[in-house]
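# Here is the input, now give the coordinates:
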Amino acid sequence: GINAEYMGILSNQMGCCGPTKDEKSPEKDEEQILYARPARKQRKADDDDMTSVEDVKGEKTAVKPKSEGSIIAPSSLPKINAGKPAAIFEPYYVYGYRGYDTRQNLFFSASGDLVYHLAALGIILNPKDNTQKFFGGKAAGTNQHDNDIVCLAVSPDRKLAATGQVGDKPKLCIWKTETGEMVKKYDLTKGARAITNCAFSEDGKSLSFIDLSEKKLVYVIDVATAAKVTGVSSGSEVVLGMNWSKKKGEKIFTTFGDKHISFWEGNPLKKHTGSGHSAQTFLCACFNEEGQCFGGAKNGTIFLFEKFVVSKKKEEAHKGGVQAIVCNGDLVVSGGEDKTVVVYKTDFTVVQSIKINASPRAIDVFGDLMAIGDCKGCVTLYDKFSKVKSWPGHHEGELWGMDVVDKHVITAGDDNKIMLWDSAKRELVAETIINEEKGKKIEGNASTTSKMVDNQMARSVCFNKKTEEIAIGLNDGNVQIRSIKDIKKLVKVLNCADRWIEVMNFSPSGDYLAVGTHSQSVCIFKLPSYELYHEFRGKMSSYITAVDWDSSSKYIRVLDGSLDLQFLDVAKKEIDPSGATNTKDLDWATQTCKFSWHVKGIFPPGVDQTHINAVAKSTDNKFVVTGDDWGLVNIMNYPCPGPAQMLSLRGHSEHVMRVKFSEDGEFVFSTGGEDKALIQWKKKAQNSSFQSTFISSCLLYTSPSPRDRG
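Next up is the predicted model:
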């Protein structure tokens, strides 16, 4: 994706979410690190007839569509405003948490807010009123993360957070946990590849972190100045985390991971190898205020280190790996792959234990409150070990499928989840799985990092307001019909293709469902019986990427992977060879085709036209939004038939695969593919204080390097 090199750290060492009844934890080479993401663009992987595109290096290499004549201006030209959009959008709420390949990245702030991250955003969640603030989410070009955030630490006073990202020249940012305001930034040199772990010292004055360069450099910087204090190579071991001693005045921190735990002190840094643990792999570690270090191992044992040597251990503290551990006064709280959180005294006497829904990735304690972030993308708050509330999300593979109707948002992903959200209350209403039983894996189908098979993954969703039904397009070529009143109940299954389904759309009348497949066909079903009305097959040049109905439900325009635009006459059940002319004055209910007169100007100069993945217009026809390969959500005035100013927003860290306006136009929703984030953006009126930021950052979109965007 935005950085195709970064992937979850050691699937086996990190520990999975725990095997299901038909799924075992993958056994992978423990030396494998951070490089497992498939080549992008993923949806092209199954197509033999796609247009070849050179890598964009600033030159104008736009792919030319097969049907240049398909773009015809309407008879009466609408008013065109190529200036800056009349409104701004800011991140309002982010659904999800990155727990699938990171750990110890959830903390309380000094005021009791929850601080964590997803995609390129630092998130500050007020659990009382369920509102969020952010580090990031601003116009591209400003000081913020521009790639996947993969580690987070909070200072001992809980007032500052530090986050590290992926990238050839990654950056570490220090920001306030109350406001999200940037305090300091530290830029690494080319070749560092990622900042994988970071931690604050006991006095909050120093910050350590480690990169992913060949030497795996460990740095210590001064928090107040962001000046480097010292740095040294950590060696060849795979490092999964770091933590500082809480003992007052002690300047010791640990790094741990594959078959090792090490302790560092001094300037220059001196490394002490922890001993007495028989080369165990450590997944987590913490210090108490006495300077004792508790290390959680992959074999389920917790080791107590004193002066770098094991002095005591608790075998079978958990069945499976110890995934998270935190010291709180004279107590130690650990969470394991057995989906259990246990509170121990320092002598390993059990005080209390609770069962949770998934393997934990992070635990923090704040007074009587405890927060747990798990591997299934969920954050849960406890008060005296009683569950208060959860904030769930998607967690595996990619998140594409998304539709918005009224206050409801429906999402479906590669993680076998269908999730129905209330965007007004900003909470999950209902959740179900796509398929309980695994089907056959379809070779050469949509590439993914998910462990699920094709019948358990979905990348297309649409909603029928007339029938209150949801269509879910699966990667095995089937379409599920479910009721929004009970999404767990499967109403009907439609067999459409032998390849995955990327797009679908109900007609405005609510009487038809059009399904665009990667078998190069469009299937139209007639409601309420969902009988096959007609299948357009054999005339498409490539897989189907967009399907739009006109407002009268008589015409469909279809865009395929070769940028061939065709027009389907629904009543005649035929492709209209003069469709471009015959439909030029039609009112199109949606604008998901990125290739039409009204959106000719959405493409930045010097980029390939496949750079734009998703397009949508507002219902009042004032704005158009796009999602692109560089993780940007771009807002322009509509129509946009030529070059125009745009507001490009940074929040996602991967290819943005779906965008859509709410019906009232007050929100934009976007899904970020591999970053698994659903972001809700809120419209704000244009004001003078924003003018200079917009003009300087977004005057005209200029093509950034794919490795150095925004």
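# which residues in the stretch 551-700 of the chain form strands?
Here the stretch 551-700 of the chain has its strands, by DSSP state E, counting those that start in this stretch, at 555-560, 565-569, 574-575, 612-617, 623-628, 632-637, 647-650, 658-661, 667-671, 678-685.
# Check the stretch 351-500 of the chain too.
Using DSSP E, counting those that start in this stretch, strands in the stretch 351-500 of the chain cover 360-366, 369-374, 379-383, 386-391, 399-405, 408-413, 417-422, 427-433, 458-464, 469-474, 478-483, 486-495.
# In JSON lines, list the ones you listed along with distance to residue 153, mean neighbour count and mean pLDDT.
Just so you know, the C-beta spots here come from the backbone N, C-alpha and C atoms, and that holds for glycine as well. Output for the strands of the stretch 351-500 of the chain, formatted as JSON lines (distance: least, Cβ to Cβ, whole Å; neighbours: other Cβ atoms under 10 Å; pLDDT from 0 to 100):
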{"stretch": "strand 360-366", "distance to residue 153": "11", "mean neighbour count": "24", "mean pLDDT": "98"}
{"stretch": "strand 369-374", "distance to residue 153": "14", "mean neighbour count": "24", "mean pLDDT": "98"}
{"stretch": "strand 379-383", "distance to residue 153": "17", "mean neighbour count": "19", "mean pLDDT": "98"}
{"stretch": "strand 386-391", "distance to residue 153": "21", "mean neighbour count": "15", "mean pLDDT": "97"}
{"stretch": "strand 399-405", "distance to residue 153": "26", "mean neighbour count": "25", "mean pLDDT": "97"}
{"stretch": "strand 408-413", "distance to residue 153": "29", "mean neighbour count": "26", "mean pLDDT": "98"}
{"stretch": "strand 417-422", "distance to residue 153": "29", "mean neighbour count": "21", "mean pLDDT": "98"}
{"stretch": "strand 427-433", "distance to residue 153": "28", "mean neighbour count": "15", "mean pLDDT": "98"}
{"stretch": "strand 458-464", "distance to residue 153": "35", "mean neighbour count": "25", "mean pLDDT": "98"}
{"stretch": "strand 469-474", "distance to residue 153": "39", "mean neighbour count": "26", "mean pLDDT": "98"}
{"stretch": "strand 478-483", "distance to residue 153": "42", "mean neighbour count": "21", "mean pLDDT": "98"}
{"stretch": "strand 486-495", "distance to residue 153": "38", "mean neighbour count": "14", "mean pLDDT": "97"}
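# Check the residue nearest the centre of the chain and give its pLDDT.
Geometric centre of the chain, nearest residue: residue 675, 2.2 Å, by Cα atoms, centre = their mean. On pLDDT, residue 675 comes in at 97.
# same question, residue 260
97.
# With adjacent residues omitted, what lies nearest to it?
residue 237 (4.9 Å; Cβ to Cβ, 6 or more residues apart in numbering).
# That neighbour contacts residue 258, correct?
Yes - applying Cβ atoms under 8 Å as the test, residue 237 and residue 258 come out as touching, 5.5 Å apart.
# The stretch 101-250 of the chain: strands as residue ranges?
Here the stretch 101-250 of the chain has its strands, by DSSP E, counting those that start in this stretch, at 107-108, 114-118, 121-126, 131-135, 149-154, 160-165, 171-176, 182-187, 195-200, 206-211, 217-222, 228-233, 239-244.
# which one of the ones you listed lies closest to residue 438?
Residue 438 sits nearest to strand 114-118 of all those, at 27.8 Å, using Cβ to Cβ.
# Each with direction, which strands does that closest one pair with?
strand 107-108 (antiparallel), strand 121-126 (antiparallel) (DSSP bridges).
# So which of these is the most surrounded?
strand 121-126 (a mean of 24; mean count of other Cβ atoms under 10 Å).
# what's next to it, contact-wise?
Here strand 121-126 makes contact (Cβ atoms under 8 Å, 6 or more residues apart in numbering) with 91, 94, 109, 113-117, 131-137, 145, 149, 152, 161, 163, 173, 175, 177-180, 379, 391, 651, 677, 679.
# Drop anything exposed from these.
Buried members of those, counted by 16 or more other Cβ atoms under 10 Å: 91, 94, 109, 113-117, 132-137, 145, 149, 152, 161, 163, 173, 175, 177-178, 180, 379, 391, 651, 677, 679.
# need the strands of the stretch 351-500 of the chain in JSON lines with distance to residue 229, can you?
JSON lines is the format used below for the strands of the stretch 351-500 of the chain (distance: least, Cβ to Cβ, whole Å):
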{"stretch": "strand 360-366", "distance to residue 229": "27"}
{"stretch": "strand 369-374", "distance to residue 229": "30"}
{"stretch": "strand 379-383", "distance to residue 229": "33"}
{"stretch": "strand 386-391", "distance to residue 229": "37"}
{"stretch": "strand 399-405", "distance to residue 229": "40"}
{"stretch": "strand 408-413", "distance to residue 229": "43"}
{"stretch": "strand 417-422", "distance to residue 229": "45"}
{"stretch": "strand 427-433", "distance to residue 229": "44"}
{"stretch": "strand 458-464", "distance to residue 229": "47"}
{"stretch": "strand 469-474", "distance to residue 229": "53"}
{"stretch": "strand 478-483", "distance to residue 229": "57"}
{"stretch": "strand 486-495", "distance to residue 229": "54"}
